[in-house]
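>>> Fold the following and give me the result.
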Amino acid sequence: MLKSARDARPQNFGMLKQLVKLSVKEAMTPPNGRKVVLRFNSALQPVGDETGVLSSVMGLLRSDYTKFPICERDWRKVRSRDKEMFHFEEDNRGIIKGIIFKMLGRAWKETRNRLYHHCYDLELSLAANIENRPNKITADHWKRFLDYRNGEEIQEKCKKNAENRSKQLYTHTGGLKSLARLGEEESERQGRIVSRGELYLLTHKKTDGSYIHDAARAIGKRIEAIEQGDESSRLLSQNDSLAQALEKECSGRVRGMGLGPTSSQVFGMNSHQLSNGFEREETQRVLLELQAKLAAEKLKRKAVEDEVAAEKTKRQVVENEVAAEKTKR
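Just a heads-up that it's a prediction; the model follows:
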């Protein structure tokens, strides 16, 4: 069983197995009382090395169409007790559960799409395509899926999606790791929370430091200029460096944070929440300004101290020269 908790402190450590030794097969084998405890960030997204085990489990589940039938038109209509194989502790309003199910649903849809393009042959008859169906998928389920997938409305939708993907510029270089996991790792490395803008820069550059394309370079330069001119733009808000560089947020999600968080969850659902958010942002902005002023005062004081020390050294040199002259006489 996979277990999740925002601040997991298992009482029975004997039930936990070292992740370096735990295989996905072991994690999936019931009943064993084994638990893989997941860590979640402040946006309730899974982070840490344990997320790799979660992703692998998702990979196995998404291709098991005996548990999650391929013929259903929508993931929300899939009824399976295997959706409930995850145990959620301290789940804030069911958000964590929703994110896990969203991840599983996306994996299910991606595998359906891959199987269609891999197994379906336009030049063969429907009967022949059903005969050549993937293993472990019944003829009835495969036929129902093909009827749905080859429908005029779905074909048009898939065509538009393919066109949109070909125009997509905001891919990142993070590989298999989610943006949430990359952000968490970079924050731990730097000892502070990195901004959405900083994460964009990190995930849109090649290993040699160059940007992946001209559009990414233009956005990256805007982010750098904004953060250099205003340190408070590094704080997560609807007006932070990434928001200013990319302008309007997309409906239903928050860019630069990965799968899961929505605008209402991150930025607040009502004026009271927004007001509190702005107050926190203003407090943080003032704190940053005070820290900057303090640093400037320290530099000024250091400059004065250096000047006094230099003057004292000069005076000592003059006194030494005068003393030397008196000795000669």
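
>>> now the helices: where do they sit in the stretch 201-329 of the chain?
For the stretch 201-329 of the chain, the helices defined by DSSP state H, counting those that start in this stretch cover 214-229, 241-246, 263-267, 271-328.

>>> would JSON lines of these with distance to Ile130, mean pLDDT and mean neighbour count be doable?
For glycine as for every other residue, the C-beta is placed from the backbone atoms N, C-alpha and C. Below are the helices of the stretch 201-329 of the chain laid out as JSON lines (distance: least, C-beta to C-beta, whole Å; pLDDT from 0 to 100; neighbours: other C-beta atoms under 10 Å):
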{"stretch": "helix 214-229", "distance to Ile130": "44", "mean pLDDT": "90", "mean neighbour count": "16"}
{"stretch": "helix 241-246", "distance to Ile130": "46", "mean pLDDT": "88", "mean neighbour count": "22"}
{"stretch": "helix 263-267", "distance to Ile130": "43", "mean pLDDT": "73", "mean neighbour count": "16"}
{"stretch": "helix 271-328", "distance to Ile130": "53", "mean pLDDT": "74", "mean neighbour count": "11"}
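
>>> nearest to Arg93, of the ones you listed?
helix 263-267 (9.2 Å; C-beta to C-beta).

>>> Might one say that Lys211 is in contact with Leu202?
I think there's a mix-up here, since residue 211 is Tyr and not Lys. No: with contact defined as C-beta atoms under 8 Å, Tyr211 does not count as touching Leu202 (11.6 Å).

>>> gap between Ile100 and Leu259?
10 Å (C-beta to C-beta, to the nearest Å).

>>> If you count surrounding residues, which of the two has more?
Neighbours per residue, other C-beta atoms under 10 Å: of Ile100 and Leu259, the larger number sits with Ile100, 21 against 14.

>>> so which strand or helix has the more buried one?
Element membership for Ile100 (DSSP states H and E) is helix 95-119.

>>> can you tell me the average pLDDT over that helix?
Averaging pLDDT along helix 95-119 gives 86.

>>> In that helix, which residues are buried?
95-97, 99-101, 103-105, 107-108, 111-112, 115-116 (16 or more other C-beta atoms under 10 Å).

>>> Now tell me what touches the next helix or strand after it from outside.
From helix 95-119 onward toward the C-terminus, using DSSP H and E, the following helix or strand is helix 126-131. Defining contact as C-beta atoms under 8 Å, 6 or more residues apart in numbering, one finds that helix 126-131 is touched by 119-121, 139, 142-143, 146.

>>> how about the CA coordinates for helix 126-131, as PDB?
This file holds the C-alpha atoms of helix 126-131, laid out as PDB (Å, rounded to 0.1, in the frame of the first residue of the first chain):
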ATOM      1  CA  LEU A 126     -12.400  -3.100 -38.000                       C
ATOM      2  CA  ALA A 127     -12.500  -6.900 -37.600                       C
ATOM      3  CA  ALA A 128      -8.800  -7.300 -38.400                       C
ATOM      4  CA  ASN A 129      -7.900  -4.500 -36.000                       C
ATOM      5  CA  ILE A 130     -10.000  -6.100 -33.300                       C
ATOM      6  CA  GLU A 131      -8.200  -9.400 -34.000                       C
END
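
>>> Show the model's pLDDT score for the spatially closest residue to Tyr120 that is not a sequence neighbour.
Distances taken as C-beta to C-beta, 6 or more residues apart in numbering place Asn129 nearest to Tyr120, at 5.8 Å, with adjacent residues excluded. We have a pLDDT of 92 for Asn129.

>>> Count residues in the vicinity of Asn129, would you?
For Asn129, using other C-beta under 10 Å, the count is 18.
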